[in-house]
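Asks: Okay, predicted coordinates and the sequence, questions at the end:
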Amino acid sequence: MNLNELPYGRRATVAGIRDDDPEARVALLRLGLIPGTEVCVHRRAPLGDPLEVEVAGAHLALRRAAAEIVDVEPLEGA
């Protein structure tokens, strides 16, 4: 599952970031989307782009294309 597919309010951990766009991958890593980090989608803009994501207590706005290269594993019971 990728970050764009994660339902609202559901917590997950970052499993990895695909190499589809190397520059975007580096930017996402710098924003804190490091494998093992917990993330949560809080809301989306009316047309679905961008989405607000919580990462390590910080709220980020990510484009849908960037969120689609972030693979996540939903947490059980979260």
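Replies: In hand now; what should we look at? Numbers count the residues shown, from 1 in each chain.

Asks: In this protein, mark out all the strands, start to finish.
Replies: 11-17, 38-44, 51-55, 58-62, 70-74 (DSSP state E).

Asks: which secondary structure elements does the longest helix seen in the chain contact?
Replies: The residue-count maximum for a helix in the chain (DSSP state H) belongs to helix 22-30. With contacts taken as 3 or more Cβ pairs under 8 Å, 6 or more residues apart in numbering; DSSP states H and E, helix 22-30 sits against strand 11-17, helix 64-67. Every C-beta, even on glycine, is put in place using the N, C-alpha and C of the backbone.

Asks: May I have it as PDB, with CA atoms only?
Replies: C-alpha atoms of helix 22-30 as PDB (Å, rounded to 0.1, in the frame of the first residue of the first chain):
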ATOM      1  CA  PRO A  22      15.300  10.000  -7.300                       C
ATOM      2  CA  GLU A  23      15.000  13.700  -6.500                       C
ATOM      3  CA  ALA A  24      11.600  13.300  -4.900                       C
ATOM      4  CA  ARG A  25      13.000  10.300  -2.900                       C
ATOM      5  CA  VAL A  26      15.800  12.400  -1.400                       C
ATOM      6  CA  ALA A  27      13.300  15.300  -0.600                       C
ATOM      7  CA  LEU A  28      11.000  12.900   1.100                       C
ATOM      8  CA  LEU A  29      13.800  11.400   3.200                       C
ATOM      9  CA  ARG A  30      14.900  14.900   4.200                       C
END
